[in-house]
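Engineer: let's see this in three dimensions:
(chains A and B)
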Amino acid sequence: MGITLSNISKAFGGFRALNDVSLEARSGEFLALLGPSGSGKTTLLRIIAGLEFADVGHVAFDGEDVTDRPVTDRGVGFVFQQYALFRHMTVADNIGFGLAVRKRRDRPAKAEIARRVEELLELVQLRGLGSRYPAQLSGGQRQRVALARALAVEPRILLLDEPFGALDAKVRKDLRRWLRELHDRMGLTSIFVTHDQEEALELADRVVVMDHGVIEQVAEPDTVYNDPATSFVFDFVGESNRLPVTISGGRVLYGGSVLDAGVAPERDGKASLFFRPHDVAFAAPGEGVITATVSLARPHGGATRVEAGVEGRDTPLELNFTGTEPPRVGDLIAIRPTKARLFYEEQ
Amino acid sequence: MAGEAEYRAQRATGESPWVRRGLIGLSLAFLLVFLLLPLIAVFGEALSRGLAPFFAAMVEPDALAAIKLTLTVAAISVPLNCVFGIAAAWAITKFDFPGKGFLITLIDLPFSVSPVVAGLIYVLLFGANGWFGAWLIEHDVQIVFAVPGIVLATMFVTFPFVARELIPLMAEQGRDDEEAALSLGANGWQTFWRVTLPNIRWGLLYGVLLCNARAMGEFGAVSVVSGHIRGETNTMPLHVEILYNEYNFVASFAVASLLALLALLTLVIKSVLEWRYNYHGSGRH
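Structural biologist: This next block holds a predicted model:
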């Protein structure tokens, strides 16, 4: 089921949580809302669910306007960050809740509900745990109960708020892969909120990067990482180094001297030069290079992670070098970005 | 070895054994003199002439009327305060609205105001010379010096118990469970009965219990609005006072011992509830 959000704005008191946000999720798509806390991603998810209502704008499912429809009638599955399992009910009663509260004429018989619950327990790999209480389960198991409960009402749209936030790293990885499979198998349209870029890039078909209540970029994970639309995206997704530079006469000036950054500036002005830690190469000392002093060098995956201090910059550059002779602490190195992006400052 | 470990543990907390013993002894002595002795005195005095006068004092018509009135007042005011308490706690913890802080303060008002003042408010409002007095007389409705006045005064005094118990509990639980229920298609009513109420049941029971104990034992506010009409508007605490003022000590203490028994019963149920509450509470997350 496709989801269309048009021109959504929402304020809480004086705080503008969302500012004219438009977004489309195609049917069957797995979308990640990625951003730091306070970026409005959770608010946007809750507006899609009908747990919150937009001040301005419209929400449509498959072209049908559902803007004013409350959560009870939207038929979406919602998985809460802390799972919100009903602690006084068994796992089976939790999962069957959505069926048990239906109006009499739509409500399946008790035996039918029990059968559906068994099916769902099987689906989330919790067979035999139906009579337990939520408090008796591990974090990963609770997460899966929450998911089974949301799926019991057969939603076409699944919304997840920081679904892996409360889990440890190992469980998180397994559950991620499993959730992606489940999404594909059930033909759902899913949107999940996360502040973890790795999670978003690994799991989603498209990533929606948000900051301060606006969408910075919507793109495939690959594009978000390799072709960030804004300086915020470059900074937030993946590791990066930022150098404040001045563009003058088509040349990049850093600290008064020319820097050969391999970029083609469009106009003069103040700008930021971004590059990833691994997009650097050693260069011969002299014109057009960055000179830095190595303050730390340690193994990092198959490469060497180097922190190097540059004059006029408080935090050291983070660089990755592969090769047999990495620099050592105290070395003075000359480097040149091999792949950099220029973002002009707003005027 | 164990002794040494224990000694070290004690030393780590800073107080010498003598300070500890002194504090424990002091608390126990205080409890003994101020709480246990009076309680024993009540039962002792009530039974001082044997069992026959003790029971006679309780089945005497005026005493029976007082017991009946007390139970009636509690039976009306406790359920109503239970409903109001849940409503107030719900409103405060689940919604944001202007004037919330004021409402929280207002809920505490009955605790901070002297019960006598609480009673006088109703006399001022509904008494013969009160704001609505003339209108009430005209329509032949009696509130002050009658059962409605006693119920109103009791409700005023006991209002905070349920709300006070529920507000922190519901605030801690947040709205997630309710939102989850709604997202699964439950309506507001189903959400309340199936999710909210089970979540707060122990806290609610606890609040109701305290509310009931106070409703039955309230003296000051009720005394002002009751009018002390024997067999009609006398509750148990008022009846105790009247008997005492008439130097009818055995009867007075006999009825008082009934109230004391009620208090003891409340304490027992409260302890049981606390035990269950903690037991369930600990496994919550």
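Engineer: can you pull the pLDDT of A:L137?
Structural biologist: Per-residue pLDDT puts A:L137 at 91.
Engineer: that one contacts A:V91, correct?
Structural biologist: Yes: A:L137 lies in contact with A:V91 (Cβ atoms under 8 Å); the separation is 7.2 Å. Heads up, the C-betas are built off the backbone N, CA and C, glycines and all.
Engineer: more neighbours: which of those two?
Structural biologist: Taking neighbours as other Cβ atoms under 10 Å in any protein chain shown, A:L137 and A:V91 compare with A:V91 leading, 26 against 18.
Engineer: what's the mean pLDDT across stretch A:242-254?
Structural biologist: 85.
Engineer: residues in contact with that stretch: which ones?
Structural biologist: A:231, A:235, A:258-261, A:263, A:265, A:267-274, A:290, A:310, A:313, A:342, A:344 (Cβ atoms under 8 Å, 6 or more residues apart in numbering or on different chains).
Engineer: and these, which are buried?
Structural biologist: A:231, A:235, A:259, A:261, A:263, A:265, A:271-274, A:290, A:310, A:313, A:342 (16 or more other Cβ atoms under 10 Å in any protein chain shown).
Engineer: what about these, which are in strands?
Structural biologist: A:L259, A:A271, A:S272, A:L273, A:F274, A:I290, A:L342 (DSSP state E).
Engineer: show me which of the buried ones among the contacts of stretch A:242-254 is closest to chain B.
Structural biologist: A:D235 (32.2 Å; Cβ to the nearest Cβ).
Engineer: list the buried ones in stretch B:251-268?
Structural biologist: Neighbour-count burial for stretch B:251-268, counted by 16+ other Cβ under 10 Å, picks out B:A251, B:S252, B:F253, B:A254, B:V255, B:A256, B:S257, B:L258, B:L259, B:A260, B:L262, B:T266.
Engineer: swap that for stretch A:271-290, sorry
Structural biologist: By 16+ other Cβ under 10 Å, the buried positions in stretch A:271-290 come out as A:271-280, A:283, A:288-290.
Engineer: gap between A:I47 and A:A25?
Structural biologist: Distance, A:I47 to A:A25, by Cβ to Cβ, to the nearest Å: 13 Å.
Engineer: who in chain B is up against chain A?
Structural biologist: Listed as neighbours of chain A in chain B under the rule Cβ under 8 Å from any Cβ of the partner chain: B:176-177, B:179-187, B:190, B:194-195, B:198-199, B:283-285.
Engineer: just the pLDDT for the residue in the stretch 1-150 of chain B that chain A sits nearest to.
Structural biologist: In the stretch 1-150 of chain B, the residue that lies nearest chain A is B:D96 (9.0 Å; Cβ to the nearest Cβ). Predicted confidence (pLDDT) for B:D96: 80.
Engineer: which pLDDT value goes with residue 72?
Structural biologist: As the question left the chain open, I've gone with chain A. A:T72 is given a pLDDT of 89.
Engineer: not quite, I wanted chain B
Structural biologist: 93.
Engineer: show me the contacts for it.
Structural biologist: B:V147.
Engineer: ok, for A:I333, nearest residue in space, not its chain neighbours?
Structural biologist: Excluding the flanking residues, the one nearest A:I333 by Cβ to Cβ, 6 or more residues apart in numbering or on different chains is A:P327, at 5.2 Å.
Engineer: which residues touch that neighbour?
Structural biologist: Going by Cβ under 8 Å, 6+ apart, the list of residues near A:P327 reads A:V294, A:A297, A:T304, A:V306, A:A308, A:F321, A:I333.
Engineer: tell me the one of those residues nearest B:L36?
Structural biologist: Closest approach between the contacts of A:P327 and B:L36, by Cβ to Cβ: A:A297, at 74.6 Å.
Engineer: where along the stretch 51-200 of chain B do the helices fall?
Structural biologist: Using DSSP state H, counting those that start in this stretch, the helices of the stretch 51-200 of chain B run over B:51-59, B:61-94, B:100-112, B:115-126, B:133-138, B:147-158, B:160-173, B:176-183, B:188-191, B:197-217.
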